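[1] Provided below are the primary sequence and the corresponding predicted coordinates.
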Amino acid sequence: MHWTHSLVYYSQPFCPVSVNTIPNNIRNMKSIKDRCIEFLHNEDTRHDVRAIIQPIGSMIYNEAYPYLWFLCVYHVFITFIILAILILLVRVLNHLGGFYLASEMQVGNYLG
């Protein structure tokens, strides 16, 4: 027997359970999303979830607090470094004579 004779061709997609054999209580079940929304509509449930999540959020915030301050100081420091580099670049370009934002005297007055 050739291997092509053993293939079975279906005219419809294969479904092991017919839609008509599914019981009504399973067919009419709500989705997980709908059940979660319905569960969270209850005020007591919402209060309990907040009571559980609030300490976790506070703990994460307390652990991340020093890193957030470090990040803020780092950004201020980098901003001043970039401004200093820009001012030095303008001074060098004015001395070379290739970039005229202001005269050398005006740039010198602003820088001190």
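    Arrived safely. Since this is a predicted model, take the numbers as computed values, not measurements.

[2] CA only for contacts and neighbour counts going forward, please
    Will do.

[3] Which parts of this structure are helices?
    24-27, 32-40, 43-96, 104-111 (DSSP state H).

[4] now these in TSV, with mean pLDDT and mean neighbour count?
    Output for the helices of the chain, formatted as TSV (pLDDT from 0 to 100; neighbours: other Cα atoms under 10 Å):
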stretch	mean pLDDT	mean neighbour count
helix 24-27	62	8
helix 32-40	81	11
helix 43-96	92	12
helix 104-111	56	10
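
[5] Roughly how far does residue 83 sit from residue 91?
    Shown here: residue 83 relative to residue 91, a distance of 12 Å by Cα to Cα, to the nearest Å.

[6] Please disregard the earlier target; I meant residue 56.
    Residue 56 is 53 Å from residue 91, by Cα to Cα.

[7] what does residue 60 give?
    On the measure of Cα to Cα, residue 60 and residue 91 end up 47 Å apart.

[8] got it, and residue 50?
    In terms of Cα to Cα, residue 50 sits 58 Å off from residue 91.

[9] likewise residue 49?
    60 Å.

[10] do the same with residue 40
    63 Å.

[11] what does residue 30 give?
    71 Å.

[12] Repeat that for residue 66.
    Residue 66 is 38 Å from residue 91, by Cα to Cα.

[13] again, but for residue 45
    65 Å.

[14] now residue 62
    45 Å.

[15] Could you do residue 35 as well?
    67 Å.

[16] Check residue 82 too.
    14 Å.

[17] Residue 34 now?
    66 Å.

[18] try residue 85
    Relative to residue 91, and taking Cα to Cα, residue 85 is found at 10 Å.

[19] Then residue 75?
    For residue 75, the distance to residue 91 - Cα to Cα - is 24 Å.

[20] do the same with residue 76
    23 Å.

[21] got it, and residue 78?
    Relative to residue 91, and taking Cα to Cα, residue 78 is found at 20 Å.
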